[in-house]
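Q: missing the sequence, but the structure's below:
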DNA sequence: ACGGGGTGCGCAAACGCTTGCGCAATGCTA
DNA sequence: TAGCATTGCGCAAGCGTTTGCGCACCCCGT
């Protein structure tokens, strides 16, 4: 049986409203009374009920975050960034994952407005972004790496992959493969487009059989690269959807006795922390992940405070490391 | 302005209580009425308020999770496991991170009972486990990898490290170093103890200068190993607090031209997914992470349903891979 | 024809808190 | 010393739901 504000009021011989005000240092309550009540509250082990507070007070202090997968470090970094500014603004986070399961996705967004959230940010391109804007029209939201939405912060993914491909071309590579994500998301198609653009802008053709699908994870990269290298005319360089895929790819190459970067060059996307530590260290396209999260959150708070914000497109950056090298022989 | 149950009631010409019941398919409401009201609710875009529901209904459907760090894949795997069973039980998750900042930690646990959570699980050894049991005495909780607490699920970390050390000894190594976590947690001291035990049970002495501190991450492992190998009498094998540390260690060794496992053997702890993909692949102690999360959650639900549960100690397992090899010359 | 047991629904209290007012007592200005 | 602003606190109306009762009404059995 939790102690309530009324219990304190009774014991202190005052009205509940006085307790409520004393607890928040309301100026119209005497300092003595505030001290008395706060001491009493502490002694009785009073813990305010968030629900009641929210119901009566009208304003929520928690913002929602939707990410595709708890085990993907990229999104976790974003989450950290968001958490950081949320804390700075004295807000809490409600985090949910939306995976492939469309039904669960709806549940998550339902939960968002059942909680009457102050706002939310969703990271990762939505399969069906339409219902996002529709369902929760009233509560402010910002999207990460989504391009049609007015309030978003994103990096130029297409340009990023293009930079990777150009780098490969400048090293002399012509047979450049691409390991895609495999699910139809805007990130996947944008990066794929970047691959195509990179090739075509230099006047080279892509070979459709050099485009294979991974799953965005280590396992997907590993199996994809084995299919790739079994081709009659295998590539000499591989652009990957992301770093995790790239690591899977390199491990796969290692397993079949192909050296990186001597035989084949590999470039990733994201610049996860591990990219600098992997052996060989990964040439990759940097996304400022934590920064992305921070930016998104800042933008959300601005929105919540009624400010007008606009979509933001960040520049990617090529990080040269040791998984890419000049074409031999 | 959200539509409420009263709005629907008014429009339907019935009492709010009828709407409430119709929405939950109460048997005492006619099928016709249920259909009418549900249709009306959908049409008006009714979304129930969680706060109001919680306030009136008394029971929460969300369980809390506290983890040390969003960016540590180990905990994220645990989180996935928890999420899985929470969903199966139709519950939601409220996840918070508690880092080194003691003040924030308190805030997190305060939030837990302000939300009147149905229960919660905390992963990672608490710096100050005392206040946990004290503060939130009323709401059921289970701890992961904590040993004094009656309701917990843990693996035998001490035994795990001991297995790693034994493996190294069986390969001929005698100069075995340990890279610790660096913060005073039970996990750290238990694993350290396992290291000592492993050495002493085989009759070997430990050299205090071979015990250095990392930070549980890649960077910490990297800098630790450099201090280690700069010693006048450097070790030939290194047991690490966890996989991330081990990866940092291997990368560090690589940077100073020391080969793994030819010159130095390295073993990790956790068996993260990356352990199997790293080059060289990591010999490590397996913790069934996702399983740990699942178990913890199951146990929590049992507790919530009034069942009596007891602490559980899982066996670790040595996974032999390519970062360890026989001692040369 | 009469009592008993469902049905189908409304009333109102309660959950724990916030907040606009109201009202007394005090301090101040002129 | 009258008049006014200020200070300090209580009253009560919500916030959006849930739920225990109560009360008609209808269908049966006898």
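A: On my side now, so go ahead. Note that the coordinates shown come from a computational prediction; the quantities given were computed from them, not determined experimentally.
Q: quick check, the helix or strand hosting residue A:121 touching chain B?
A: Following DSSP states H and E, one finds residue A:121 within strand A:119-123. No. Strand A:119-123 stays clear of chain B (CB under 8 Å from any CB of the partner chain), getting no nearer than 12.5 Å. C-beta: built from backbone N, CA, C; applies to glycine.
Q: and the closest residue to residue A:201 other than its chain neighbours, what does it touch?
A: Excluding the flanking residues, the one nearest residue A:201 by CB to CB, 6 or more residues apart in numbering or on different chains is residue A:162, at 7.4 Å. Counting by CB atoms under 8 Å, 6 or more residues apart in numbering or on different chains, residue A:162 touches A:194-195, A:197-198, A:201.
Q: what about residue A:162, distance to residue A:146?
A: Here residue A:162 is placed at a distance of 20 Å from residue A:146 (CB to CB, to the nearest Å).
Q: now do residue A:40
A: From residue A:40 over to residue A:146 the distance is 50 Å, taken as CB to CB.
Q: the more surrounded of those two?
A: The residue with more neighbours, out of residue A:40 and residue A:146, is residue A:146; 22 against 19, by other CB atoms under 10 Å in any protein chain shown.
Q: quick one, phi/psi of that one?
A: When quoted as degrees, to the nearest 10, the phi and psi of residue A:146 stand at phi -130, psi 140.
Q: Run through the bridge partners of the nearest residue to it once chain neighbours are set aside.
A: Excluding the flanking residues, the one nearest residue A:146 by CB to CB, 6+ apart is residue A:152, at 5.0 Å. Assessed by DSSP bridges, residue A:152 has beta-bridge partners residue A:143.
Q: Tell me the pLDDT of residue A:152.
A: Note for residue A:152: predicted pLDDT of 87.
Q: if I read this right, it contacts residue A:309, doesn't it?
A: No. In this structure residue A:152 lies outside contact range of residue A:309 using CB atoms under 8 Å: 9.6 Å.
Q: So for those two, which residues contact both of them?
A: residue A:142.
Q: Which of those two has more residues huddled nearby?
A: Legend: neighbour count by other CB under 10 Å for residue A:152 and residue A:309, higher for residue A:152 (22 against 17).
Q: And that one, how close does it get to chain B?
A: Counting by CB to the nearest CB, to the nearest Å, the gap from residue A:152 to chain B is 22 Å.
Q: residue contacts, that residue?
A: Contacts of residue A:152 by CB under 8 Å, 6+ apart are A:142-146, A:311-312.
Q: again with residue A:9
A: By CB under 8 Å, 6+ apart, the contact set of residue A:9 is A:15-16, A:18-19.
Q: check whether the host helix or strand of residue A:247 contacts chain B.
A: Here residue A:247 sits within helix A:243-255, counting by DSSP H and E. Yes. With CB under 8 Å from any CB as the criterion, chain B is reached by helix A:243-255 at A:247-248, A:250-251, A:254.
Q: same check, this time on stretch A:275-294
A: Yes. Judged by CB under 8 Å from any CB, stretch A:275-294 comes into contact with chain B at A:276-279.
Q: Return the subset of these lying in helices.
A: A:276-277 (DSSP state H).
Q: Counting neighbours, what do you get for the nearest residue to residue A:67 once chain neighbours are set aside?
A: Spatial nearest neighbour of residue A:67, excluding adjacent residues (CB to CB, 6+ apart): residue A:75 at 4.3 Å. A count of nearby residues for residue A:75, using other CB under 10 Å, gives 24.
Q: Surely residue A:75 and residue A:122 touch.
A: No. Residue A:75 lies out of contact with residue A:122 (CB under 8 Å); the separation is 10.6 Å.
Q: picking up where we left off before, which strands and helices sit next to the strand holding residue A:121?
A: Applying 3 or more CB pairs under 8 Å, 6 or more residues apart in numbering or on different chains; DSSP states H and E, one finds that strand A:119-123 contacts strand A:62-67, helix A:73-88, strand A:141-144, helix A:289-304.
Q: Can you mark which positions in the second one are buried?
A: It stands for helix A:73-88. Buried residues in helix A:73-88, counted by 16 or more other CB atoms under 10 Å in any protein chain shown: A:73-83, A:85-87.
Q: just checking, what packs against the helix or strand containing residue A:38?
A: Assigned by DSSP H and E, residue A:38 belongs to helix A:31-44. Applying 3+ CB pairs under 8 Å, 6+ apart, one finds that helix A:31-44 makes contact with helix A:5-12, helix A:16-23.
Q: isn't residue A:226 right up against residue A:252?
A: Yes. With contact defined as CB under 8 Å, residue A:226 and residue A:252 form a contacting pair (5.4 Å).
Q: So if I had to pick from these two, which one is more boxed in?
A: When residue A:226 and residue A:252 are compared for neighbours, residue A:252 comes out ahead with 23 against 15, by other CB under 10 Å.
Q: so what's that one up against?
A: A:221-226.
Q: I'd like the distance between the residue nearest to residue A:146 and DNA strand C.
A: Between residue A:152 and DNA strand C the computed distance is 32 Å (CB to the nearest atom of the strand, to the nearest Å).
Q: Please spell out which residues along stretch A:251-258 are buried.
A: Applying a neighbour-count criterion of 16+ other CB under 10 Å, one finds A:251-254 buried in stretch A:251-258.
Q: One more: stretch A:168-187?
A: Residues of stretch A:168-187 classed as buried: A:168-169, A:171, A:173, A:175-182, A:185-187 (neighbour count, 16+ other CB under 10 Å).
Q: The contacts of residue A:252 in helices, which ones?
A: Using DSSP H, these in helices are A:221-226.
Q: And residue A:149, what's its pLDDT?
A: 77.
Q: How many neighbouring residues does it have?
A: Residue A:149 has 17 neighbouring residues, counting by other CB under 10 Å.
Q: May I have the secondary structure class of it?
A: Under DSSP: H, G, I helix; E, B strand; the rest coil, residue A:149 falls in the coil class.
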